[in-house]
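S.K.: From the sequence below, what's the structure:
(one chain, ligands or ions: 7)
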Amino acid sequence: MTSRKTGRVFWVLFIFIFFLSGCSQATKDKLLKTFIDGVPDKNGSTRVAAGAKQEKKAKEMDAKIEPLKPSLIYHQPFLEQMCDSCHDSKFSQKLILKGKELCFTCHDDFTKDKKVIHYPVSEDLCLECHEPHQSENKFLLKKTIPAICFTCHDDFTKDKKVVHYPVAEGLCLECHDPHSSDNPRMLKKTVPEICFTCHDEKEIKGQPQHEGQNMCFECHEVHSSNEEKLLK
Ligand code: HEC
Ligand code: HEC
Ligand code: HEC
Ligand code: HEC
Ligand code: HEC
Ligand code: HEC
Ligand code: HEC
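M.R.: Ligands and ions are numbered 1, 2, ... in the order given. The predicted structure follows:
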């Protein structure tokens with residue numbers, strides 16, 4: 001190196017360091033990382049400058065890109081382009097059958113021989129809850145559970161002091177079938193059996209307040225209440 005060149009390198013470095021002394025620690029670290037290889041990250045790890053710069057750029061770009069859409073779930077006959085299994089043809093929107101008749105050409109009729117049928121199911125309103133082609137939600141639902149239930153039912157979790165844990169978590173289907181059932185209120189099991197799928201029967205029955213008690217609703221609400229322990 002000639003002395004002139006050494007001099008210039010010295011001045012460039014001097015100006016750079018002088019400039020840095022006026023910056024905050026964080027900015028200093030960032031700049032040092034950009035200009036000099038191998039500055040240890042404040043979090044402990046050592047990263048090379050190219051990586052850090054690239055990472056910063058990547059973050060900037062990430063911020064501009066719209067969030068990824070959750071992946072869609074497709075109805076199998078739609079995905080397989082079997083449009084004419086439901087429509088007159090690929091080019092027609094006219095349906096070959098109406099309401100659940102159409103659906104039950106492929107699906108088992110789950111209303112057959114059932115004692116209780118959910119009103120929208122009995123009224124052919126499958127599409128109140130399901131999309132026919134594709135959806136962002138499991139089971140081609142138009143909204144997630146419990147939101148879809150509360151499009152028609154009052155939201156009984158609102159303004160209540162106590163909400164039963166599975167209800168608060170939106171696990172309506174732990175207790176209800178969405179279509180039909182042989183039990184009142186479309187329950188998957190009768191009361192109190194349904195309670196003992198989660199609560200320990202022996203433990204409950206062993207508590208003094210429960211001695212000889214089977215009619216849970218004499219004393220408890222099932223969804224929500226303003227009293228402790230879901231009492232009425
Ligand atoms: C499982 C049955 C089924 C299949 C398979 C199906 N569709 Fe549909 N499609 C429906 C139903 C039911 C509706 C009515 C939706 C409504 O009324 O909200 C519909 C509505 C439509 C409409 C009206 C606009 C809309 O999206 O609501 C178009 C267009 C359409 N389908 C095209 C297609 C094409 C193209 C295919 C094949 C790639 C196809 N469908 C496959 C059941 C089906
Ligand atoms: C041409 C046959 C066909 C018709 C008609 C049809 N489906 Fe399907 N459907 C299928 C097949 C095949 C599957 C995938 C296999 C399965 O889950 O049984 C499916 C799956 C589904 C699923 C479950 C999706 C998932 O994510 O697990 C729902 C919900 C559904 N169909 C609703 C309907 C409704 C509502 C109708 C009427 C508008 C209908 N289907 C009409 C063939 C059909
Ligand atoms: C009140 C909303 C609602 C209505 C109305 C409704 N469904 Fe469903 N359906 C659901 C929910 C919720 C699930 C998910 C069930 C599960 O997780 O076990 C489901 C699941 C399904 C499935 C896939 C799983 C299975 O049980 O085979 C099919 C097929 C289906 N529905 C068809 C229909 C048809 C056909 C109709 C109209 C006769 C209909 N549904 C009406 C809410 C509804
Ligand atoms: C722990 C089990 C359980 C869970 C979870 C549950 N339910 Fe219920 N639900 C019941 C029982 C039991 C009844 C019958 C109550 C009665 O007869 O007094 C009922 C009754 C109903 C009724 C009819 C009577 C009324 O109160 O309007 C609707 C509607 C209902 N539930 C919707 C829902 C929805 C929506 C969810 C999810 C947010 C849900 N349930 C979660 C057990 C449950
Ligand atoms: C499209 C509107 C609609 C949607 C969506 C809907 N329901 Fe219903 N549901 C009704 C109607 C209407 C009744 C009958 C009300 C009555 O008899 O007072 C009913 C009745 C019920 C009953 C009582 C059945 C009986 O034996 O009395 C239960 C339980 C219930 N729904 C649960 C649910 C759950 C859980 C969901 C969500 C998965 C849901 N509903 C979504 C309209 C709907
Ligand atoms: C899907 C599971 C499940 C079912 C079914 C179920 N429960 Fe629960 N229940 C829970 C959980 C989880 C808790 C919270 C337990 C805790 O906090 O320690 C709870 C809490 C309770 C509480 C106490 C509430 C509080 O504030 O401490 C009562 C009372 C209750 N359940 C009654 C019932 C009755 C009555 C039935 C039947 C109609 C029933 N449960 C069905 C899961 C369930
Ligand atoms: C005669 C009224 C009565 C009946 C009927 C009754 N309970 Fe209770 N239950 C209570 C009272 C009171 C408490 C609150 C006790 C306390 O504060 O510790 C309670 C508390 C509970 C708890 C919470 C227990 C805990 O350790 O926190 C559960 C779960 C429960 N009951 C389930 C049931 C089930 C399931 C049935 C139906 C088989 C039922 N109860 C019937 C009065 C009753």
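S.K.: CA atoms for contacts and neighbours, from now on please.
M.R.: Fine.
S.K.: which phi and psi does the residue positioned nearest the centre of the chain have?
M.R.: For the chain, the residue nearest the mean C-alpha position is residue 144 (7.4 Å; Cα atoms, centre = their mean). Dihedral angles phi and psi of residue 144 (degrees, to the nearest 10) take the values phi -80, psi 160.
S.K.: For the protein, which residues score under the pLDDT cut-off?
M.R.: The model of the chain has pLDDT under 70 over residues 1-50, 61-70.
S.K.: Pull up the residues of the chain that are close to ligand 2.
M.R.: For the chain, the residues in contact with ligand 2 (Cα under 6 Å from any ligand atom) are 75-77, 85-86, 100, 102-103, 105-106, 126, 130, 132, 138-140.
S.K.: okay, now the domains of the chain?
M.R.: 71-142, 156-232 (automatic domain parsing).
S.K.: Tell me where the chain has strands.
M.R.: 73-74, 116-117, 134-135, 162-163, 180-181, 224-225 (DSSP state E).
S.K.: returning to that earlier point: in PyMOL, select just the buried ones from the residues of the chain next to ligand 2.
M.R.: Only the buried entries of the residues of the chain next to ligand 2 go into this PyMOL selection, using 16 or more other Cα atoms under 10 Å:
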select buried, resi 85+86+100+126+130+132+140
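S.K.: Looking at the residues of the chain next to ligand 2, which is nearest ligand 3?
M.R.: Nearest to ligand 3 among the residues of the chain next to ligand 2 is residue 126, at 3.4 Å by Cα to the nearest ligand atom.
S.K.: you'd agree that closest one is up against residue 118?
M.R.: No - using Cα atoms under 8 Å, residue 126 is not in contact with residue 118; the gap is 10.6 Å.
S.K.: Tabulate the domains of the chain (TSV), appending distance to residue 51.
M.R.: Listed next are the domains of the chain as TSV, based on distance: least, Cα to Cα, whole Å:
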stretch	distance to residue 51
domain 71-142	31
domain 156-232	42
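S.K.: what comes into contact with stretch 170-187?
M.R.: Contact with stretch 170-187 is made by 110-111, 114-118, 121, 145-146, 166, 188-190, 194, as judged by Cα atoms under 8 Å, 6 or more residues apart in numbering.
S.K.: what do you get for stretch 145-157?
M.R.: 129, 141-142, 163, 167-168, 170-172, 223-224.
S.K.: got those as JSON lines, with distance to residue 155 columns?
M.R.: Shown next, in JSON lines, are the contacts of stretch 145-157 (distance: Cα to Cα, whole Å):
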{"residue": "129", "distance to residue 155": "17"}
{"residue": "141", "distance to residue 155": "19"}
{"residue": "142", "distance to residue 155": "18"}
{"residue": "163", "distance to residue 155": "11"}
{"residue": "167", "distance to residue 155": "11"}
{"residue": "168", "distance to residue 155": "11"}
{"residue": "170", "distance to residue 155": "11"}
{"residue": "171", "distance to residue 155": "14"}
{"residue": "172", "distance to residue 155": "12"}
{"residue": "223", "distance to residue 155": "10"}
{"residue": "224", "distance to residue 155": "10"}
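S.K.: With that, I have no additional questions.
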